[in-house]
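1. A structural model of the following input is requested.
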Amino acid sequence: MKLIDVLVIHGPNLNMLGCREPTHYGCDTLDAINQSLKDLALTLGVRLHAFQSNHEGVLVERIHQAVDERIVGIVINPAAYTHSSIAIRDALLAVAIPFVEVHLSNVHKREPFRHRSMLADKAMGVVAGFGGQSYLLGLQGLVASLVRVPPK
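-> Below you'll find the model as predicted:
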């Protein structure tokens, strides 16, 4: 079976998972989430590439780089950039790689400014509110969709 390449992007402050506001984000560390994703990826026939940055421009450049790496899908938790980054939206549209937006917390149960996503209307799907499981559900949905619709 040929492996497909999927990129997981973690946005700002997600490097602080495990100690940052556990009532919203849970107790899992970013390393634990990435390990769970890698374990699941093996069963799905996916070669997983994980990346985290606190800097918007670095995230944009990583999205651009995905084209050269033949990434066929992206799972992205843009974190706070969800609500403000036209640059990340434009980068995802420019590379035209299917993506799923994920969030650890249910953003719709939180402050009103978190209810609007700059990416959701262009995403294949959005998964929110299931803690670290949101990433796994997002990866499963992305891969299932890619298998049904061959990548460009």
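
2. got a list of contacts for the helix or strand harbouring Gln35?
-> Per DSSP states H and E: Gln35 is located in helix 30-44. Residues lying outside helix 30-44 but in contact with it, judged by Cβ atoms under 8 Å, 6 or more residues apart in numbering, are 6, 8, 10, 14-15, 17-18, 47-48, 50, 52, 75, 132, 135-136, 139-140, 143. All C-beta atoms are positioned from the backbone trio N, CA, C, and that covers glycine.

3. what segments of this structure are strands?
-> Applying DSSP state E to the chain gives strands spanning 4-10, 46-52, 73-77, 99-103, 125-128.

4. just those: most buried one?
-> Highest mean neighbour count among the strands of the chain (mean count of other Cβ atoms under 10 Å): strand 99-103, with a mean of 26.

5. and that strand with strand 73-77, angle?
-> 20 degrees (axes from the mean of the first three to the mean of the last three Cα atoms, to 10 degrees).

6. could you list the paired strands of strand 99-103 along with their orientation?
-> strand 73-77 (parallel), strand 125-128 (parallel) (DSSP bridges).

7. out of the ones you listed, nearest to Asp28?
-> Asp28 lies closest, by Cβ to Cβ, to one member of the strands paired with strand 99-103: strand 73-77, at 12.5 Å.
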